[in-house]
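Enquirer: I would like the atomic coordinates for the input below:
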Amino acid sequence: MFRKMRRGKQVLTDEMCIEVMARNTNGVMACMGDDDYPYAVPLSYVYSNGKVYFHSAKSGHKVDAILKHSKVSFTVIDEDTIVSQEYTTYFRSVIAFGKARVVEGEEWTNAFRALVEKYSGDVPKEIREKEISGCTTSLIIAIDIEHMTGKEAIELVKARHS
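Expert: Numbering: from 1, shown residues only. Alright, predicted model coming up:
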């Protein structure tokens, strides 16, 4: 169902893909937007329990698109260093494919807690918990990942193996 990457030497392992997803703070979700135009939106996210979670307003283009067609992709760029003398960049990125859905109940609480911890871990715990329990204005959306692949510049592959 998902294409095999052409440049096999540059493919990241599953573990490396997970590390990239876990350490970064933003990515771009692409979905089917209005009138079947692609809609790609940058998001702050957390990777937790093998899923991507992000918060959202309860209505808008992103939510409408997900509710209409749940299949999405989510891209994270981990490295992008310009190497002008070689006319290239040394890059590393991951793309996850899956289905997006609104979460509820305990999963909502756990995902919200993971987001708050990632982005506000330095705020005292009692204040964080108060924010979580008092929030009624946003959705938490999960991307249930069905396939994830990553790739990096051949120069980064060679540097890792030397």
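
Enquirer: kindly export the worst-scoring helix or strand of the chain on mean pLDDT (C-alpha atoms) in PDB.
Expert: Lowest on mean pLDDT, DSSP states H and E among the helices and strands of the chain sits helix 125-134, with a mean of 82. This file holds the C-alpha atoms of helix 125-134, laid out as PDB (Å, rounded to 0.1, in the frame of the first residue of the first chain):
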ATOM      1  CA  LYS A 125       2.800  20.600  38.300                       C
ATOM      2  CA  GLU A 126      -0.200  22.000  40.200                       C
ATOM      3  CA  ILE A 127      -0.600  24.800  37.700                       C
ATOM      4  CA  ARG A 128      -0.200  22.400  34.800                       C
ATOM      5  CA  GLU A 129      -2.900  20.100  36.200                       C
ATOM      6  CA  LYS A 130      -5.300  23.000  36.800                       C
ATOM      7  CA  GLU A 131      -4.900  24.000  33.100                       C
ATOM      8  CA  ILE A 132      -5.600  20.500  31.900                       C
ATOM      9  CA  SER A 133      -8.600  20.000  34.100                       C
ATOM     10  CA  GLY A 134     -10.000  23.400  33.300                       C
END
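
Enquirer: most distant residue from the middle of this protein?
Expert: Gln85 (31.7 Å; CA atoms, centre = their mean).

Enquirer: part of a helix, is it?
Expert: Yes: counting by DSSP: H, G, I helix; E, B strand; the rest coil, Gln85 falls inside a helix.

Enquirer: which residues does the longest helix along the chain contact?
Expert: Using DSSP state H to define each element, the chain has its longest helix at helix 105-120. Helix 105-120 has contacts (CB atoms under 8 Å, 6 or more residues apart in numbering) with 25, 44-46, 48-49, 51, 53-55, 103, 123, 128, 131-132, 135, 140, 142. Where you see a C-beta, it was placed from the backbone N, CA and C, and this is true even at glycine.

Enquirer: what comes up buried for that helix?
Expert: 108, 110-112, 114-116, 118 (16 or more other CB atoms under 10 Å).

Enquirer: stretch 40-49 too?
Expert: Of the residues in stretch 40-49, 41, 43, 45-48 count as buried by neighbour count, 16+ other CB under 10 Å.

Enquirer: elements contacting the least confident helix or strand of the chain?
Expert: Secondary-structure packing of helix 125-134 (3 or more CB pairs under 8 Å, 6 or more residues apart in numbering; DSSP states H and E): helix 105-120.
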